[in-house]
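Colleague: Return a 3D structure for these sequence lines:
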Amino acid sequence: MSDSASTWVDGHLVFSGNLSLDNNGGFTSTFGPINEQLPALMSRANAIVVTARGDSQTYLMQIRNNDNTRYIQRFTTVADSEQSYILPIADFESVDWRLSPIAGAAPMDVANIVQIGFYLLDKQVGPFEIAISSISADSL
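Modeller: Alright, predicted model coming up:
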């Protein structure tokens with residue numbers, strides 16, 4: 001089983017732990033609370049910008065809409081360097097609860113976003129840590 005924790009350290013949300021494939025494992029995740037203010041904060045956004053110090057792992061950002069529709073996009077971090085990762089809204093892919101793509105699904109509508117989360121998966125076994133300093137909307 002994988003183990004992980006999310007904590008606040010010096011103004012950063014630090015998501016860290018150890019990814020294991022034991023007991024059909026292979027993933028770990030963290031989610032923020034349901035936030036009804038997200039649609040207003042994301043209005044007119046063409047992209048979501050995640051500013052973080054990474055570890056060269058590939059993370060997955062998941063957006064949940066108010067009807068529990070899920071959208072994902074991966075981004076690969078740069079080790080030991082804070083970078084801004086621009087995730088275009090148009091590139092988010094609709095998925096089911098197992099993160100399998102849903103063919104023909106409607107594109108993500110920022111007016112319905114209520115929750116943001118992050119996963120580490122894709123058999124990236126071992127220790128990991130990402131320190132997120134901000135998540136913001138960008139109108140490109």
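Colleague: what about the closest residue to Ala90 other than its chain neighbours, how many residues close to it?
Modeller: Closest residue to Ala90 apart from its sequence neighbours, by CB to CB, 6 or more residues apart in numbering: Pro107 at 6.7 Å. (Glycine included, C-beta is placed from N, CA and C.) Look at Pro107: counted by other CB atoms under 10 Å, it has 11 neighbours.
Colleague: Can you tell me the SS state at Pro107?
Modeller: Here Pro107 is recorded as coil under DSSP: H, G, I helix; E, B strand; the rest coil.
Colleague: tell me the contacts of it?
Modeller: Counting by CB atoms under 8 Å, 6 or more residues apart in numbering, Pro107 touches 89-90, 92, 94.
Colleague: residue contacts, Ile86?
Modeller: Contacts of Ile86 (CB under 8 Å, 6+ apart): 47-49, 138, 140.
Colleague: before we move on, what about Asp67?
Modeller: By CB under 8 Å, 6+ apart, the contact set of Asp67 is Asn112.
Colleague: what's it sitting at in phi/psi?
Modeller: Asp67 adopts backbone torsions of phi -100, psi 10, taken as degrees, to the nearest 10.
Colleague: Good, wrapping up.
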